[in-house]
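>>> any chance you could fold what I've pasted below:
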Amino acid sequence: MSSEAATTKRDDLDRLEDDIARAVQALRRLQRDDGHWVFELEADATIPSEYILLRHYLGEPDAPELERKIGAYLRRIQGDHGGWALFHGGAFDISATVKAYFCLKMIGDSPDAPHMARARGAILAHGGAERANVFTRILLAQFGQLSWAHVPTMPVEIILLPRWFPIHLSRMSYWARTVIVPLLVLAALRKRARNRRGVDIQELFATTGRSEPRLAAHAHRGWALFFNGLDRVLKAIEPRWPKKMRQRAIERCVRFVTERLNGEDGLGAIYPAMANSVMMFDALGYPADHPSYATARQSIEKLLVVRDDEAYCQPCVSPVWDTALASQALLEVQQGEAEDAALRGLDWLKPLQELEVRGDWSERRPQVRPGGWAFQYRNAHYPDLDDTAVVVMAMDRARRQLGEERAGAKRAGEAGAGAGPGYDQAIERGVEWISGLQSGNGGWAAFDADNVDHYLNNIPFADHGALLDPPTADVSARCISMLAQLGETPASPVMRAGLDYLEREQMPDGSWFGRWGVNYIYGTWSVLCALGAVGLDGTAPSLRKAADWLIAIQNADGGWGEDCTSYKLDYRGYEPAASTASQTAWALLGLMAAGQVDHPAVERGIAWLRRTQDATGLWRQEAYTGGGFPRVFYLRYHGYPAYFPLWALARYRNLRRTNSRRTAYGM
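Here you go, the predicted model:
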């Protein structure tokens with residue numbers, strides 16, 4: 001390299017250092033006083049709409065200012081198609097639109113207002129409110145807008161079925177379990193919403209006969225016919241169910257909920273389960289000041305995001321996930337203030353490890369000791385493997401990167417210490433728990449092992465197609481990355497089974513499906529990190545094919561983007577979408593894990609991140625790049641454009657400065 005070229009490279013790296021420093025300062029400003037990060041977690045119109053309707057179901061005192069702000073939020077995110085979408089810029093969704101319309105009418109918007117007329121026209125053009133999904137029809141039945149006959153029957157008595165029975169709660173995902181159990185009680189009691197304003201939305205129904213919704217797109221016709229027939233039988237015999245058995249089933253459901261109430265973090269720490277638990281207590285006649293009722297109700301208030309002009313309700317909160325990933329990004333910076341901030345984050349995370357409660361996961365793995373972290377502040381019965389793997393990798397990196405003297409066991413009066421030997425037990429228990437929850441096919445799921453009874457997604461109640469928590473490539477890759485970072489080799493049975501699973505899951509074009517992030521960019525980044533961590537290089541066919549795919553889909557502006565429509569059932573390959581900061585960072589981190597730091601695509605991607613960084617040191621991103629339930633529920637992680645781009649810039653700087661082609665850690 002000529003001296004002029006060397007000077008240019010050095011100057012560019014110096015300017016990159018400035019960009020990294022601005023991003024670090026921005027991220028540090030967002031750190032809470034106790035060391036953690038928690039960013040907003042935004043979904044679609046359904047949760048804020050349901051929140052308002054919950055208040056009116058319960059007959060709570062008017063909250064005009066809050067209603068005004070939520071109304072402003074809903075009107076702002078209404079789509080050009082007249083309705084509401086499941087993600088920013090997405091297509092019309094009838095269920096989200098029915099709920100948003102009902103909410104806005106409830107808070108006083110006139111049906112004749114232009115935005116309401118457009119929404120109503122769009123709903124009727126799509127078949128009317130009777131075409132909405134199961135959970136929306138349940139809400140409509142609670143408000144007397146639709147007969148319970150148009151809601152699939154889920155007898156509360158299923159809580160009493162033995163575990164071997166084909167339709168059993170233990171066969172469903174954690175989120176389905178926590179949502180369904182209180183809902184079983186609500187469906188049995190069928191208490192009518194108070195609705196003191198007497199608002200109805202009969203104008204949204206296209207037919208007086210209330211025709212049945214179409215078969216769900218994911219459903220298998222044979223299974224669907226069987227379960228629909230079973231539903232008709234259950235509807236016929238339900239009135240004759242023994243009253244003592246029904247009461248016993250209701251009591252079992254209440255016991256399930258109260259055992260998992262989770263304080264003010266709420267049942268399952270997710271809004272739908274929390275709201276159903278409140279309505280269950282109300283339907284059973286609990287007074288509002290009863291400890292269980294009051295605690296459950298307060299958990300929902302903690303999900304509100306209230307600004308000067310707008311407000312909305314989050315589906316849950318993500319402090320463990322945000323703190324673990326922000327700490328990883330700051331450790332990558334390898335600079336004093338950044339590392340100190342990361343250590344404060346890890347110190348905050350350490351006591352949140354669940355070491356006592358044997359959650360629902362233990363039904364399948366009773367011999368495994370607890371050792372995971374949850375996604376939220378508290379969710380002891382439902383820790384998740386993805387968060388646990390990321391936390392363990394961050395702790396291991398801290399103790400290796402910083403050494404015992406600086407990151408050792410906490411010394412009196414030293415706020416930034418806490419790694420080194422102080423993390424050894426936490427890491428050991430986390431690894432033990434993750435290893436014990438490997439599924440039989442070699443992969444890992446988010447919350448359970450072997451949650452793979454796919455026929456259950458055909459029951460009428462599961463029209464969302466997300467009743468299960470099967471292993472996925474992204475979570476499996478994270479677990480493999482963790483094991484590899486801690487020294488496990490591909491020769492071990494656990495690793496061999498996991499790598500074989502990933503090999504089977506690779507798409508023909510070289511990508512991997514991303515269950516919890518959008519979508520194939522996220523999955524491919526995750527797996528490339530794992531393959532790099534186990535020692536594969538650019539000559540490995542699977543790794544090479546994946547890197548080639550990422551390079552091929554780069555946008556002309558240098559960034560990467562992918563839309564939530566990539567989850568469609570008839571997916572035929574990548575479709576271009578606008579570049580986003582988080583997806584560009586994932587692609588870059590994936591390519592660098594594949595040893596491609598010198599590829600021109602990486603240079604162009606880094607240039608895109610640097611060009612789009614704003615004056616605050618952060619990146620703007622309205623796109624939803626988080627996955628809730630494919631085709632049903634998506635998430636906008638407000639933290640993703642704060643820490644992932646910083647991580648990618650710092651990784652690039654480190655590899656270029658050291659002339660290394662290998663990353664030293666699992667992520």
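>>> could you check how far residue 403 is from residue 339?
Distance, residue 403 to residue 339, using CB to CB, to the nearest Å: 11 Å. For every residue, glycine as well, the C-beta is placed using N, CA and C.
>>> let me fix that, I meant to ask about residue 41.
Distance from residue 41 to residue 339, by CB to CB: 27 Å.
>>> any idea which helix or strand comes after the worst-scoring helix or strand of the chain on mean pLDDT?
Every helix and strand of the chain was ranked by mean pLDDT, DSSP states H and E. The lowest is helix 221-237, at a mean of 64. Where DSSP states H and E defines the elements, the next helix or strand beyond helix 221-237 is helix 243-259.
>>> that following helix: which residues count as buried?
246, 249, 250, 252, 253, 254, 256, 257 (16 or more other CB atoms under 10 Å).
>>> flag the shaky bits of the protein, pLDDT-wise.
Across the chain, the ranges flagged by pLDDT under 70 are 1-11, 208-231, 233-237, 404-421, 462-465.
>>> that one: strands as residue ranges?
Using DSSP state E, the strands of the chain run over 41-42, 304-306, 311-313, 626-629, 633-637.
>>> residues in contact with residue 431?
Contacts for residue 431 (CB atoms under 8 Å, 6 or more residues apart in numbering) come out as 371, 392, 482, 483, 486.
>>> ugh, wrong one, residue 97
Applying CB under 8 Å, 6+ apart to residue 97 gives the contacts 45, 82, 83, 84, 119, 122, 123.
>>> could you measure from the last one over to residue 203?
Read it as residue 123. Distance, residue 123 to residue 203, by CB to CB: 9 Å.
>>> between these two, who's got more neighbours?
Comparing residue 123 with residue 203 by other CB atoms under 10 Å, the one with more neighbours is residue 123, at 26 against 14.
>>> hang on, that one packs against residue 100?
No - Residue 123 lies out of contact with residue 100 (CB atoms under 8 Å); the separation is 10.1 Å.
>>> distance of residue 438 from residue 450?
Taking CB to CB, one finds residue 438 at 9 Å from residue 450.
>>> for residue 575, that is, sorry about that
For residue 575 relative to residue 450 (CB to CB), the value is 34 Å.
>>> just want to know which of the two has more residues nearby.
residue 450 (17 against 12).
>>> where along the stretch 301-450 of the chain do the helices fall?
319-333, 336-349, 385-407, 424-436 (DSSP state H, counting those that start in this stretch).
>>> now distance to residue 93 too, for those, in a markdown table please.
Shown next, in a markdown table, are the helices of the stretch 301-450 of the chain (distance: least, CB to CB, whole Å):
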| stretch | distance to residue 93 |
| --- | --- |
| helix 319-333 | 26 |
| helix 336-349 | 36 |
| helix 385-407 | 27 |
| helix 424-436 | 35 |
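>>> just those helices: most buried one?
A comparison of the helices of the stretch 301-450 of the chain by mean neighbour count, using mean count of other CB atoms under 10 Å, puts helix 319-333 on top with a mean of 27.
>>> remind me what that helix packs against, helices and strands.
Contact here means 3 or more CB pairs under 8 Å, 6 or more residues apart in numbering; DSSP states H and E; on that basis helix 319-333 packs against helix 3-29, helix 336-349, helix 385-407, helix 640-658.
>>> JSON lines for those helices, including distance to residue 553?
Listed next are the helices and strands packed on helix 319-333 as JSON lines, based on distance: least, CB to CB, whole Å:
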{"stretch": "helix 3-29", "distance to residue 553": "25"}
{"stretch": "helix 336-349", "distance to residue 553": "31"}
{"stretch": "helix 385-407", "distance to residue 553": "24"}
{"stretch": "helix 640-658", "distance to residue 553": "17"}
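>>> what about the ones you listed, which gets the closest to residue 280?
helix 385-407 (28.1 Å; CB to CB).
>>> got the angle for that closest one vs helix 319-333?
50 degrees (axes from the mean of the first three to the mean of the last three CA atoms, to 10 degrees).
>>> report the angle between helix 385-407 and helix 336-349.
120 degrees.
>>> any common contacting residues for residue 123 and residue 100?
Common neighbours of residue 123 and residue 100 (CB under 8 Å, 6+ apart) are residue 83.
>>> which one of the contacts of residue 97 is nearest residue 56?
For the contacts of residue 97, the nearest to residue 56 is residue 45 (16.5 Å; CB to CB).
>>> need the contact list for residue 486.
392, 396, 427, 431.
>>> just checking, the first one touches residue 427?
Yes - using CB under 8 Å, residue 392 is in contact with residue 427, at 5.3 Å.
>>> so which of the helices of the stretch 301-450 of the chain is nearest residue 153?
Closest among the helices of the stretch 301-450 of the chain, using CB to CB: helix 385-407, at 33.7 Å.
>>> who does the closest one touch, helix- and strand-wise?
Against helix 385-407 (3+ CB pairs under 8 Å, 6+ apart) you get helix 319-333, helix 336-349, helix 424-436, helix 473-485.
>>> how about a cut-off of 10 Å?
helix 319-333, helix 336-349, helix 424-436, helix 473-485, helix 520-533 (3 or more CB pairs under 10 Å, 6 or more residues apart in numbering; DSSP states H and E).
>>> and the ones you listed as CSV, adding distance to residue 454?
CSV is the format used below for those (distance: least, CB to CB, whole Å):
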stretch, distance to residue 454
helix 319-333, 27
helix 336-349, 34
helix 424-436, 23
helix 473-485, 17
helix 520-533, 20
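>>> mind checking which of those is nearest residue 198?
helix 319-333 (40.3 Å).
>>> fine by me, we can end here.
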